[in-house]
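# can't give you the sequence, but here's the structure:
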């Protein structure tokens, strides 16, 4: 995918804002994040997804949220939104594309107008 320059994720960050239990972290995401980042950025499991064909049972986990946004989102620089785990971010974050329906919904939720 070629990033649509009209949707600059680093100047928006809307998709990183949500309520508790916003971004699920699957077992393969946990492996990719590693133990230290799991402890820092992922909340304790809230239950267990049952086993199914070809898949073992796994804990149901989500990214931690701080002040209404994912704890991995760096907000220290005004109007700049960087993910501190970008290279190892969860599957659901990887799937969200700039300008997609979920992207636009997140922007509307935060009152961010689409680029012109």
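Looks like it came in fine. Quick caveat, the model's predicted, so the values are computed rather than measured.
# Please name every helix or strand in contact with the longest helix seen in the chain.
With secondary structure taken from DSSP state H, the chain has its longest helix at helix 27-41. Using 3 or more C-beta pairs under 8 Å, 6 or more residues apart in numbering; DSSP states H and E as the contact test, the elements touching helix 27-41 are strand 58-62. Bear in mind the C-beta positions are built from the backbone N, C-alpha and C, glycine included.
# Quick one: mean pLDDT over the helix or strand just after the strand it packs on.
Downstream of strand 58-62, the next assigned helix or strand under DSSP states H and E is strand 65-66. The pLDDT scores in strand 65-66 average 96.
# Quick one: distance of stretch 91-108 to the chain centre.
Distance of stretch 91-108 from its chain centroid, counting by C-alpha atoms, centre = their mean, to the nearest Å, is 10 Å.
# Could you do stretch 76-86 as well?
13 Å.
# List the buried residues for it?
By 16 or more other C-beta atoms under 10 Å, the buried positions in stretch 76-86 come out as 81, 83, 85.
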